[in-house]
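Trainee: Show me the folded form of this:
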Amino acid sequence: MQPVVDSIEANSPDLRAVGAGSGDAIMVGGRPDQPRTTAMSPRHPSRRLPDDLPVTGAWQPDDPVGRRRFVTITDDRPFVLENGASLPEVVMAYETWGELDEDASNAVLVCHALTGDSHVHGPSGPGHPTPGWWDELVGPGKAIDADSHFVVCVNVLGGCQGSTGPASIDPRTGRPYGSSFPTVTIRDIVRTQARVADRLGVRRWKSVVGGSMGGMQVLEWAIMFSDRVRSIAPIATTVAASALQIAWSSVGRSALVLDPNWRGGDYYDAEPGDGPHAGLALARAIAQIHYRSDISLQQRFGRALVEPGAMFGLWDRFQMESYLDHHGQKLVRRFDANSYLVLNRAMDTHDIARGRGSLEAAVSRIQVPVVTASITTDILYPPHQQLEICDLVKAAGGDPVHITIDNPHGHDGFLLAPDEVGPLLAELLARDLP
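Mentor: This next block holds a predicted model:
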């Protein structure tokens, strides 16, 4: 069995017993025009989140900028969303690597997944709490080669790492948007990316690539802006959110909003340690289960205990439980609860056929080379969903390339199988594309 290297130790703060039924009084509500009422913050009987957790892990303007660049895409005109709501100002954070050719023909857009951000390549450091999320694939000399390509990654609209989202200041009120931030769709996200491309001087992307929620953006790019892409690589994704995906998302969002410290979405003025940490951590734990596979979790943890021999107490813990708690706390420190809700819902509303007559009609707009990849153990976005993309493209007259990657890590395999995903992307970028 592989040793557990990132579990939470038995004597860490999250394991301090607080007693069943105990809790601290909190204030619920929090918008200026709403009264505050008291409630009891729930505590787990056997573990407690650290007291120093930030209310939000969102990037704030007084934080180190890191490699981020910013562009305001609204030009004194509101940005109207697909649902008819609007944002008075939209700022997008992005990062770039490499140089744009004189004819702007070497630009590649990398689209991130639910809890990703613009930091797809590079080390952790001031402004970037984690290394690049696809660092093994993006950068000089790598599959998406920054020596020969101009690589761009944009933090999505509704996110929390520099782009306008629920934790951003609403210029109309001078306060964080919080509960007033509107729902967004994958199409809204892609439209903001197109405006960033305009500012960068990119008329057509050599390729648009991404996995999971990133793959949803890739598909919409090829349909919404078919004249602005030359190839696409949607990986471990789907043409429309399935019933099972919606079910998992719904449970995760419910876990988050049932945390009284969420305060209806208006929690940003709370003190450190008093944010919706339990809800966000639990939502992440739920997601982590279906991001991986039974075989990977069994191989790594099996039935190992946090404290050897401590098994018969109701709250004695397995290493598997410690792993889930660890990932929940990691996300709390670098993400925002409201952004999680907004982007998770955007994934549920994803359906390339919406308003376009049919899947076939939507896919008929894709007139560029397509490569897809599936992970054999992916239970969240199973291989048949990527094969459906290929079948639809073929029926529309295309000639897609598809590979199946035998990887034990489940849905996260698209992040953890660089030796298989890398050559697929490198081959696509090496083509003589029209």
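
Trainee: For the closest residue to residue 169 other than its chain neighbours, list the residues it contacts.
Mentor: Computed as C-beta to C-beta, 6 or more residues apart in numbering, the closest residue to residue 169 that is not its neighbour in sequence is residue 176, at 6.1 Å. Where C-beta positions appear, they are placed from N, C-alpha and C, glycine not excepted. By C-beta atoms under 8 Å, 6 or more residues apart in numbering, the contact set of residue 176 is 166, 167, 168, 169, 170, 266, 268.

Trainee: Run a quick neighbour tally on residue 51.
Mentor: Neighbour count for residue 51, taken as other C-beta atoms under 10 Å: 11.

Trainee: How about the one 5 residues further on?
Mentor: Per other C-beta under 10 Å, the neighbour tally for residue 56 reads 26.

Trainee: where are the low-confidence patches of this structure?
Mentor: 1-42 (pLDDT under 70).

Trainee: Show me the helices in it, by range?
Mentor: 186-200, 213-224, 243-257, 277-291, 294-300, 319-334, 337-348, 359-363, 383-395, 413-416, 418-430 (DSSP state H).

Trainee: Name the surrounding residues that touch the fourth one.
Mentor: Judged by C-beta under 8 Å, 6+ apart, the contacts made with helix 277-291 from elsewhere in the structure are 41-42, 44, 49, 53, 114-115, 248, 251-253, 255-259, 261-262, 323-325, 327-329, 331-332, 335, 337, 340, 379-380, 410-412.

Trainee: and that helix, which residues are buried?
Mentor: Neighbour-count burial for helix 277-291 flags 277-291 (criterion: 16 or more other C-beta atoms under 10 Å).

Trainee: For these, work out which two are farthest apart.
Mentor: 277 and 290 (21.6 Å; C-beta to C-beta).

Trainee: Just list the residues touching residue 257, thanks.
Mentor: 279, 341.

Trainee: ok, it to residue 159 distance?
Mentor: From residue 257 across to residue 159, the span is 19 Å (C-beta to C-beta, to the nearest Å).

Trainee: Quick check: end-to-end length of stretch 59-75?
Mentor: End-to-end distance for stretch 59-75, by C-alpha to C-alpha, to the nearest Å: 23 Å.

Trainee: Oh, that last question was meant for stretch 404-412, not what I typed.
Mentor: End-to-end distance (C-alpha to C-alpha), stretch 404-412: 14 Å.

Trainee: One more: stretch 304-317?
Mentor: Using C-alpha to C-alpha, first and last residues of stretch 304-317 are 9 Å apart.

Trainee: quick one: contacts for the nearest residue to residue 87 once chain neighbours are set aside?
Mentor: Excluding the flanking residues, the one nearest residue 87 by C-beta to C-beta, 6+ apart is residue 79, at 4.8 Å. Contacts for residue 79 (C-beta under 8 Å, 6+ apart) come out as 73, 86, 87, 89, 90, 192.

Trainee: got those as JSON lines, with distance to residue 419 and neighbour count columns?
Mentor: Shown next, in JSON lines, are the contacts of residue 79 (distance: C-beta to C-beta, whole Å; neighbours: other C-beta atoms under 10 Å):
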{"residue": "73", "distance to residue 419": "37", "neighbour count": "21"}
{"residue": "86", "distance to residue 419": "45", "neighbour count": "13"}
{"residue": "87", "distance to residue 419": "41", "neighbour count": "24"}
{"residue": "89", "distance to residue 419": "43", "neighbour count": "18"}
{"residue": "90", "distance to residue 419": "38", "neighbour count": "22"}
{"residue": "192", "distance to residue 419": "33", "neighbour count": "25"}
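
Trainee: from those, which is closest to residue 318?
Mentor: Once C-beta to C-beta is applied, the member of the contacts of residue 79 that ends up nearest residue 318 is residue 192, at 42.5 Å.

Trainee: and the closest one, how far is that from residue 426?
Mentor: Counting by C-beta to C-beta, the separation of residue 192 from residue 426 is 28 Å.

Trainee: Residue 149 now?
Mentor: Distance, residue 149 to residue 426, by C-beta to C-beta: 11 Å.

Trainee: cool, and residue 80?
Mentor: Counting by C-beta to C-beta, the gap from residue 80 to residue 426 is 39 Å.

Trainee: so what's residue 121 up against?
Mentor: 95, 97, 132, 134, 135, 138, 139, 146, 151, 153.

Trainee: Report the buried members of those.
Mentor: Among these, the ones that count as buried (16+ other C-beta under 10 Å) are 95, 97, 132, 134, 135, 138, 139, 146, 151, 153.

Trainee: Residue 164 contacts residue 88, doesn't it?
Mentor: No - with contact defined as C-beta atoms under 8 Å, residue 164 does not reach residue 88; the gap is 9.8 Å.

Trainee: So between those two, which is more surrounded?
Mentor: Neighbours were counted for residue 164 and for residue 88 using other C-beta under 10 Å; residue 164 has more, 29 against 13.

Trainee: who are the neighbours in contact with residue 113?
Mentor: Contacts of residue 113 (C-beta under 8 Å, 6+ apart): 210, 211, 212, 213, 214.

Trainee: how close does the residue lying closest to residue 371 once chain neighbours are set aside sit to residue 235?
Mentor: Spatial nearest neighbour of residue 371, chain neighbours left out: residue 401 (4.4 Å); criterion: C-beta to C-beta, 6+ apart. To residue 235, residue 401 is 12 Å away according to C-beta to C-beta.

Trainee: Now list whatever residues contact both of those two.
Mentor: residue 372.

Trainee: Could you check which of these two is surrounded by more residues?
Mentor: residue 235 (26 against 15).

Trainee: Would you confirm that that one contacts residue 373?
Mentor: Yes - applying C-beta under 8 Å, one finds residue 235 in contact with residue 373, separated by 4.6 Å.

Trainee: which residues do those two both contact?
Mentor: Joint contacts of residue 235 and residue 373 (C-beta under 8 Å, 6+ apart) are 386, 414, 421.

Trainee: What are the neighbouring residues in contact with the first one?
Mentor: Residue 386 sits next to 234, 235, 236, 237, 238, 372, 373, 374, 402 when contact means C-beta under 8 Å, 6+ apart.
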